[in-house]
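*Asks:* need coordinates for the following:
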Amino acid sequence: MGGRYWLWLGARLILAIALVAWAGSYLGTSSGEKEFQKTLEAMKHIRSFRASTTATPYSQKNELSWEVDCDRNLLHFQTHYVDSCTNPPDCDKQNDFSQEELDGSSHEYVRQSDGSWAASKYQTGLKAVGLCGRLAQGAEIVPFPPIATMIKRGILQKGDKKTVNGVRCREWQVTLRGGPGGLEHDTVCLGLDDRLPYEMTVDWARSRTSFSDYNTTIQFDLPAEVLQATSASGSN
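*Replies:* Numbers count the residues shown, from 1 in each chain. Next up, the predicted model:
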């Protein structure tokens, strides 16, 4: 009889521990979802920003940067791509490619080797109007974290506070189900005051993106015709 009692008591104790663990897990996820929902809403009101990404998958190194002003419909984008692979047939040769582009006043420009701007011969699809419009609608767009997907498919775990680009934010560890190899491990640092993202890392791409200058006046090096167009628009 005594043995059965202790077995019964042990089973009840294990069940209680399991329920507490389950409740803690549920509450933690709920808390994370609430924070990420606030971020999803805050991102709809972004009117300007800077973002910088460095990714080093395999033998490649990619550096990308964005400067965007939604009120003036200006988007400045730079990319630098290097592939250091030296083992054919995995690759043919080392590649080193850089490009600087600007979308302004409904025209696209490319930076020339002498530092001047020239009208782009090809439509790159980098449009400030489209990017800002999708951002205002709450759509997921590069370079921002896929917050809606993280809410839907992610396991969200609260991390420590840190400072990124002079702003205090809290880091969240995000494990995404269905990522490359089954699981993807990301981090997102959300501003303590404005809930906006200030840093994101993605493990499979070995990438880090930082964000700054939300809703501030960004200075652009603009071609003369874009300066005239934006000045005329501002005076109306």
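*Asks:* shaky segments in the chain?
*Replies:* Scanning the chain with the threshold set as pLDDT under 70 gives 1-30, 88-94, 105, 123-125, 179-182, 229-236.
*Asks:* can we see that at 80?
*Replies:* 1-31, 58-59, 84-94, 105-106, 122-126, 178-182, 225-236 (pLDDT under 80).
*Asks:* longest single strand anywhere in it?
*Replies:* Among the elements of type strand in the chain, defined by DSSP state E, the one spanning the most residues is strand 167-179.
*Asks:* ok, and what's touching that one?
*Replies:* 32, 35-36, 149-150, 153-163, 183-193, 198-199, 204, 212 (C-beta atoms under 8 Å, 6 or more residues apart in numbering). Placement of C-beta: from N, CA and C, glycine included.
*Asks:* again, but for stretch 145-156
*Replies:* Contacts of stretch 145-156 with the rest of the structure, by C-beta under 8 Å, 6+ apart, involve 28-29, 32-33, 35-37, 39-40, 43, 138, 140, 172-178, 186, 188, 197, 200.
*Asks:* immediately after the longest strand of the chain, which helix or strand?
*Replies:* Proceeding C-terminally, strand 167-179 gives way to strand 182-191 as the next helix or strand, assigned by DSSP states H and E.
*Asks:* give me the helices and strands touching that following strand, please.
*Replies:* When contacts are defined as 3 or more C-beta pairs under 8 Å, 6 or more residues apart in numbering; DSSP states H and E, strand 182-191 sits against helix 2-43, helix 147-153, strand 154-164, strand 167-179, strand 197-202.
*Asks:* who does it pair up with?
*Replies:* Each strand pairing with strand 182-191, determined using DSSP bridges, is listed with its direction: strand 167-179 (antiparallel), strand 197-202 (antiparallel).
*Asks:* which of those sits most buried?
*Replies:* Taking mean count of other C-beta atoms under 10 Å as the contact definition, the stretch among these with the greatest mean neighbour count is strand 197-202, which reaches a mean of 23.
*Asks:* need the CA coordinates for whichever helix or strand comes after that strand. CSV is fine.
*Replies:* Stepping forward along the backbone from strand 197-202, the first helix or strand reached (DSSP H and E) is strand 207-212. Output of strand 207-212 as CSV, limited to C-alpha atoms (Å, rounded to 0.1, in the frame of the first residue of the first chain):
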residue,chain,number,x,y,z
SER,A,207,24.0,37.5,-42.2
ARG,A,208,23.5,40.5,-40.0
THR,A,209,21.3,43.5,-40.8
SER,A,210,21.2,46.7,-38.7
PHE,A,211,18.6,49.5,-38.9
SER,A,212,18.8,53.2,-37.9
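*Asks:* ok, now which ones touch E184?
*Replies:* By C-beta under 8 Å, 6+ apart, E184 lies in contact with 175-176, 178, 202-204.
*Asks:* so who does the nearest residue to S207 once chain neighbours are set aside touch?
*Replies:* Distances taken as C-beta to C-beta, 6 or more residues apart in numbering put A55 closest to S207, at 3.6 Å, once the chain neighbours are dropped. Under the criterion of C-beta under 8 Å, 6+ apart, the contact partners of A55 comprise 61-62, 202, 205-208.
*Asks:* drop anything exposed from the residues you listed.
*Replies:* Applying 16 or more other C-beta atoms under 10 Å to those, the neighbour count classes 61-62, 202, 205, 207 as buried.
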